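Sharing a model that was predicted from the sequence below.
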Amino acid sequence: EPEVTQTPSHQVTQMGQEVILRCVPISNHLYFYWYRQILGQKVEFLVSFYNNEISEKSEIFDDQFSVERPDGSNFTLKIRSTKLEDSAMYFCASSQLSQPGGYTFGSGTRLTVV
Amino acid sequence: GNSVTQMEGPVTLSEEAFLTINCTYTATGYPSLFWYVQYPGEGLQLLLKATKADDKGSNKGFEATYRKETTSFHLEKGSVQVSDSAVYFCALRTGANNLFFGTGTRLTVIP
């Protein structure tokens, strides 16, 4: 069964450093997403991406965040200058255009900012 | 606004016990409702869904009924197994193409 692959599974970074979280969506999917879950809190929507541009973003997704699909297969989330409160599990997901919300999620990257 | 409130965990049950995980929601419009499951070390997987009032979603022995009158979508299973140990997330989707999740409920089933 096709999978969404995320790397790394766990990343530790110092506050103020830039991090890039990587995702390989399912090859025939057209919509891509990032969600995050701070420990003990809800899974929160960050951003959706379609046709090489952001289609929706939440209030969390401020100027410190950016997404890119650099080569037609990878889908990356960059945090420019990490803060302690960015520590969370970050989930990538993808879906086909007509799929009614039944996304395929990756297993997540746990980001720890120290 | 849109939000999902889930039963606080963790939940620990003996094998073959009956499971209920409560989920209530608030939403603008008419949402679709979902249960996702995350097994250890894996991604969120769609367990079941319901797209309109009174629909019942079911999969792997789990069921949930979309109750508009009580704005609920409680997850149930008649007889849990050790392999059902996981974190369960209730979620909703409105017209926008993103999901609103609850906090997740960790279920541990002991032999």
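Good, I have the coordinates.

pLDDT below threshold where in chain B?
For chain B, the stretches with pLDDT under 70 are B:95-97.

same thing but 80
Counting by pLDDT under 80, the ranges of chain B that qualify are B:41, B:43, B:94-97.

Give me every residue in it lying close to chain A.
When proximity is defined by Cβ under 8 Å from any Cβ of the partner chain, chain B lies next to chain A at B:4, B:32, B:34, B:36, B:41-46, B:49, B:51, B:89, B:91, B:93, B:96-104. Using the backbone N, CA and C atoms, a C-beta is placed for each residue, glycine as well.

Out of the residues you listed, which end up buried?
The neighbour-count test (16 or more other Cβ atoms under 10 Å in any protein chain shown) marks B:4, B:32, B:34, B:36, B:43-46, B:49, B:89, B:91, B:93, B:97-104 as buried among the residues of chain B next to chain A.

just checking, which of these belong to strands?
B:4, B:32, B:34, B:36, B:44-46, B:49, B:89, B:91, B:93, B:100-101 (DSSP state E).

can you redo the residues you listed as CSV with distance to B:Val80?
Listed next are these as CSV, based on distance: Cβ to Cβ, whole Å:
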residue, distance to B:Val80
B:Val4, 22
B:Ser32, 26
B:Phe34, 20
B:Tyr36, 17
B:Leu44, 20
B:Gln45, 17
B:Leu46, 19
B:Lys49, 21
B:Phe89, 17
B:Ala91, 21
B:Arg93, 27
B:Phe100, 26
B:Phe101, 22
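
Distance from the worst-scoring helix or strand of chain A on mean pLDDT to the middle of the chain?
In chain A, no helix or strand scores lower on mean pLDDT, DSSP states H and E than strand A:104-105, which sits at a mean of 89. Its chain's C-alpha centre and that of strand A:104-105 lie 11 Å apart, by Cα atoms, centre = their mean, to the nearest Å.

tell me which element the spatially most central residue of chain A falls in.
Nearest to the mean C-alpha position of chain A, counting by Cα atoms, centre = their mean, stands A:Trp34 at 3.2 Å. A:Trp34 is located in strand A:31-37, with elements delineated by DSSP states H and E.

Following the chain onward from that strand, which element is next?
Following strand A:31-37 in sequence, per DSSP H and E, is strand A:43-50.

Would you check how far apart the nearest residue to B:His74 once chain neighbours are set aside and chain A are?
Leaving aside its sequence neighbours, B:His74 sits nearest to B:Asn22 (Cβ to Cβ, 6 or more residues apart in numbering or on different chains; 5.1 Å). Distance from B:Asn22 to chain A, counting by Cβ to the nearest Cβ, to the nearest Å: 15 Å.

near chain B, which residues of chain A?
So chain A meets chain B at A:3-4, A:6, A:31, A:33, A:35, A:37, A:40-45, A:48, A:55-56, A:58, A:91, A:93, A:100-108 (Cβ under 8 Å from any Cβ).

what about the closest residue to A:Thr112 other than its chain neighbours, how many residues close to it?
The shortest distance from A:Thr112 to any non-neighbouring residue, by Cβ to Cβ, 6+ apart, is to A:Val12 (4.7 Å). Residues near A:Val12, counting by other Cβ atoms under 10 Å in any protein chain shown, number 12.
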